[in-house]
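1. I need the structure of the sequence given here:
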Amino acid sequence: MFGNTGFGNAGISRRDVLRRASTGFGMTALAALMAEGAVAETGPHFTPKAKNVIFCFMPGGVSHIDTFDPKPKLAELDGKPFDGFYQIGAKNETNRKWVKSPWAFQQYGQSGLWVSELFPEVAKCVDDLTLIRSMISGFPLHPRANLLMHTGKTLGGYPSLGSWVNYGLGSENKNLPGYVLLHGGAVPPGGLENFSNGFLPAAFQATSMQADGKPVVNIVPGDKDPKIQRAKLDTIAQEDKRFLEMTGASDAVESAIQNYEMAYRMQSVVPDVLNLDKETEATKRLYGLDATEKNKRLYGTQCLRARRLIESGVRFVEITCPEVFGGDNGTWDQHSELRKGHEGNAQITDQGVAALLKDLKSRGLLKETLVVWATEFGRTPHAPKPDGRDHHETAFTVWMAGGGLKPGFAYGATDETGMRAVENVTEVYDLHATILHLLGLDHKRLTYRFGGRDMRLTDVHGNLISGILA
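-> Numbering: from 1, shown residues only. Predicted coordinates:
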C-alpha cells in the first residue's frame, strides 16, 4: 500500500495508481517520440568566412576534359583504341577510342589557370576561382549522382544541402525563405528530392521560383482588402492550433502554419526583390537580359535574381539550367552531338555566371558570398564514336569562388588522360563539409535527431578541404 499520494488521505493500491495515470504514460511516450525530431542547437559554430551560398548546378555531367582540366595527351591518342574496361549496365562495351577535346584551352589572368574556349566570360574571372580538379562521385547514374551532390545520399528522403544550411543558419530576412530554388526548366534527374527537406521540418525545404512567366504562383493577394486576407489567415491559424492541441506536436501542421505566414509576408517583399526594373540598363546587359536567345536571357535573369535575393537576406540560392540540349537526363548529358550540346549550354550559362561573379565583386558581396559551380560527374575521355562522351564518375571538376577561399587556385589533379583523380582526391562529402565550414558550421556538429540517431549531411564521412582555404 502507498502512503499519502496526493489522491486523498486514504492510501490506494498500485493498481489504482496505474489505472489513474495510464493516460499520462501515453503522453510520456508521445513526448519521447516527438523528441526524436528535436531541433539541435543551431547557428554558427565559429566565425564564418561567408554568409550566403549561390549554387549554380549544371545537371547532366559537364565534361571536365573539355572545360577546366586540359589533357594534351588526348591529342596524341585521338582515334587510337581504348583498351581499358568500360561497362554500361551489364554490358562490357568494346570498340571504344580515345577522343581529344574539340575545344582549345588557354591560360588566363595572373593565376594562369587553364579554361577552354567554351567559357570566354568565366575565363575573365579566373583569378577569383578556386578549381577542384580531383572530384569523384562513385555513381555514374544521373539520379543517384545528383542526389549525392545535393543530399549526401544516393536515395531520396534526405535533406538537401540548402535545407541543412537553412536549418543551421536560417534566413537573415524574416519575410523571405532561407532557401530558394531559381528553377530554370525541367527538374534534374532525381526529381524534387534534390531540393527536399527530408526529415527536417518542412519549413526548411526549398521555395521554388520560376524563370519564365510569374516567378511565384499566387503571390498577388486574391483579396483586395488586406484586412479580409488577414482575417482568413487568422481563422486558418486558429483552427490549425486547435488541431495541434488535440493531436500533439505535428511537423506537417506546424510547418503549414509557418508557411502560411511566410507566404503572407512574402507578398509584400518578393515582387520588389524579383522586379528588375530598378536595375540599370548596364547591369541588365551585363547579365545578358538583352540576349535574343530566350534561354540565355532567362538564365541571366535567374543569376541577377540570385544576387538580389542574397542581398535581401536569403541564405541559400540554387540556380538550375533549362533543359535544352540534354533531354531527360540533364542539360549537359551529351552521349552524342558533344560539340552542339556543350557549346549550346555554355552559351546559355557562361555570361550569366560571369556576370554574377563580376557584379558580386563590384558590390563587395563576393567576399561574403560563396558561389559554387558543380555538376554530378564528368565525362569519359574515350567513346565508341568521336562526337560524344559517356558518364565518368572517377574524375570531374567543380569550382567555387568567394569568402574564405584561395582565389586563382587549382587543387588536385587527374592523370594524363583525365581518367582518374590521382592527387588530393576529393569526395562530395568533403565538398559539403567545406561549404558548411565556410559558413561557420562544423559538419560533425550540425545534426538532427531522427530514427534514433543524430543525422548529418555528411553522415560518417567528410574531411575539410583545407588546401583551398585562404
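
2. separation between residue 389 and residue 318?
-> When distances are taken as Cβ to Cβ, to the nearest Å, residue 389 and residue 318 turn out to be 25 Å apart. C-beta: built from backbone N, CA, C; applies to glycine.

3. Also residue 288?
-> Separation of residue 288 from residue 318 (Cβ to Cβ): 19 Å.

4. now swap in residue 308 and tell me
-> When distances are taken as Cβ to Cβ, residue 308 and residue 318 turn out to be 15 Å apart.

5. between the two, which one's more packed in?
-> Just comparing residue 308 and residue 318: by other Cβ atoms under 10 Å the higher neighbour count belongs to residue 318, 26 against 17.

6. residue contacts, that one?
-> With contact set as Cβ atoms under 8 Å, 6 or more residues apart in numbering, residue 318 has these partners: 54, 55, 57, 162, 180, 181, 182, 195, 206.

7. how many neighbours does the third one have?
-> With neighbours defined by other Cβ under 10 Å, the count for residue 57 comes to 22.

8. That one is in contact with residue 374, isn't it?
-> Yes: taking contacts as Cβ atoms under 8 Å, residue 57 lies within contact range of residue 374: 6.1 Å.

9. Make sure residue 372 is actually in contact with residue 428.
-> No: judged on Cβ under 8 Å, residue 372 makes no contact with residue 428 at a distance of 11.9 Å.

10. With neighbour numbers in mind, choose between those two.
-> Ranked by neighbour count (other Cβ under 10 Å), residue 372 and residue 428 place residue 428 first, with 26 against 18.

11. ok, the more buried one - contacts?
-> For residue 428, the contact set (Cβ under 8 Å, 6+ apart) comprises 135, 137, 148, 149, 152.

12. and which of these is nearest residue 404?
-> residue 135 (19.0 Å; Cβ to Cβ).

13. Nearest residue to residue 404 in space, please, no chain neighbours.
-> For residue 404, ignoring the flanking residues on the chain, the nearest one in space by Cβ to Cβ, 6 or more residues apart in numbering is residue 49 at 2.7 Å.

14. In terms of helix, strand or coil, where does that neighbour fall?
-> The three-state label for residue 49, taken from DSSP: H, G, I helix; E, B strand; the rest coil, comes out as coil.

15. tally of neighbours for it?
-> As a burial measure, residue 49 scores 18 neighbours (other Cβ under 10 Å).

16. Now do it against residue 63, distance only.
-> 31 Å.

17. Which residues belonging to stretch 160-175 are considered buried?
-> Buried residues in stretch 160-175, counted by 16 or more other Cβ atoms under 10 Å: 160-171, 173, 175.

18. circling back: can I get the contacts of residue 428 in CSV including neighbour count and pLDDT?
-> What follows is the contacts of residue 428, written out as CSV (neighbours: other Cβ atoms under 10 Å; pLDDT from 0 to 100):
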residue, neighbour count, pLDDT
135, 28, 98
137, 25, 96
148, 24, 98
149, 27, 98
152, 25, 98
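
19. Please compare those residues by their distance to residue 343 and name the closest.
-> Out of the contacts of residue 428, the member with the shortest distance to residue 343 (by Cβ to Cβ) is residue 135, at 23.0 Å.

20. so what's that closest one up against?
-> Counting by Cβ under 8 Å, 6+ apart, residue 135 makes contact with 378, 395, 396, 397, 398, 412, 421, 426, 427, 428, 431.

21. One more pass at 7 Å, please.
-> 396, 397, 398, 421, 426 (Cβ atoms under 7 Å, 6 or more residues apart in numbering).

22. what two of the residues you listed have the greatest distance between them?
-> The most widely separated members of those are 398 and 421, with 11.5 Å between them, by Cβ to Cβ.

23. Which is the succeeding secondary structure element to the helix or strand of the chain with the lowest mean pLDDT?
-> Of all helical and strand segments in the chain, the minimum by mean pLDDT, DSSP states H and E falls on helix 14-34, at a mean of 40. Per DSSP states H and E, helix 14-34 leads on to strand 52-57 as the next helix or strand towards the C-terminus.

24. Just checking: what are the partner strands of that following strand?
-> The sheet places strand 52-57 alongside strand 316-319 (parallel), strand 369-374 (parallel), with pairing taken from DSSP bridges.

25. Leaving out sequence neighbours, find the closest residue to residue 120.
-> What sits nearest to residue 120 in space, not counting adjacent residues and going by Cβ to Cβ, 6+ apart, is residue 350, at 6.8 Å.

26. where's that neighbour, which helix or strand?
-> Residue 350 is located in helix 338-362, with elements delineated by DSSP H and E.

27. What lies in contact with that helix?
-> The set of residues that contact helix 338-362 without belonging to it, under Cβ under 7 Å, 6+ apart, is 54, 56, 63, 66, 102, 118-122, 124-125, 128, 283, 286-288, 295-296, 299-300, 303, 306-307, 321-322, 324-326, 331-332, 334, 366, 369, 371, 373, 387-389, 401.

28. Could you tell me the angle between that helix and strand 52-57?
-> Orientation check (axes from the mean of the first three to the mean of the last three Cα atoms, to 10 degrees): helix 338-362 against strand 52-57 gives 170 degrees.
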